[in-house]
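In: build the 3D model from these lines:
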Amino acid sequence: MQRLTISLDDDLAEAFEELMRRRGYANRSEAVRDLLRRELGESDLSSGASRQCVAVLSYVFDHHERQLSSRLTTMQHDHHDLAIATLHAHISHADCIETVILRGATQKVTEFAHAVIAETGVRHGQVQLIPVDKKPSPADWRRKA
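Out: Model prediction:
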């Protein structure tokens, strides 16, 4: 492990301390490590350096939209190698929310997520990509479950 020393102006240092308090960090080192991991992970995803990821795709849709529920389910079945779990909830008479956990090649996960969000009747959608170091084998996933 390496020790780094940084200097911050007073305003930035106070803002960092407040951020640490709000997020519950016990020390500066862990807060800085998390900030760096997040920034480096986002950089890897945007540059294409991270070839594998896990992701959370969430979207709100109108369940009265003609055959939309069926289309969304078919899309997940057609991409069963990417979609590993789904949570569905009713939030109003017409609206449902689904959250789909995805894993796989970053490009394929991104393409699938964007295709779901672009479906007619999907009102809002967002995908959160998280880079992973290697492609997990099915045995790896079972061991951790």
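In: what's the neighbour count on Thr5?
Out: 4 (other Cβ atoms under 10 Å). C-beta coordinates here come from the backbone N, C-alpha and C atoms, glycine included.
In: kindly apply the preceding question to Arg22 instead.
Out: 8.
In: same check on His114?
Out: 12.
In: for the one 3 residues further on, same thing?
Out: Using other Cβ under 10 Å, Ile117 has 17 other residues around it.
In: now do Leu129
Out: 21.
In: next: Gly125.
Out: Count around Gly125 with other Cβ under 10 Å applied: 17.
In: right, and it touches Ile117 too?
Out: Yes: counting by Cβ atoms under 8 Å, Ile117 is a contact partner of Gly125 at 3.3 Å.
In: overlap of the contact sets of these two?
Out: Here Gly125 and Ile117 share the contacting residues Leu57, Tyr59, scored by Cβ atoms under 8 Å, 6 or more residues apart in numbering.
In: grab the nearest non-local neighbour of the residue sitting nearest the centre point of the chain.
Out: Geometric centre of the chain, nearest residue: Gln128, 2.4 Å, by Cα atoms, centre = their mean. Distance criterion Cβ to Cβ, 6 or more residues apart in numbering; nearest residue to Gln128, sequence neighbours excluded, is Val56 at 4.7 Å.
In: kindly report the same for His124.
Out: Nearest to His124 is Val60, by Cβ to Cβ, 6+ apart, at 4.6 Å.
In: how much space between the one you found and Met20?
Out: Using Cβ to Cβ, to the nearest Å, Val60 is found at 33 Å from Met20.
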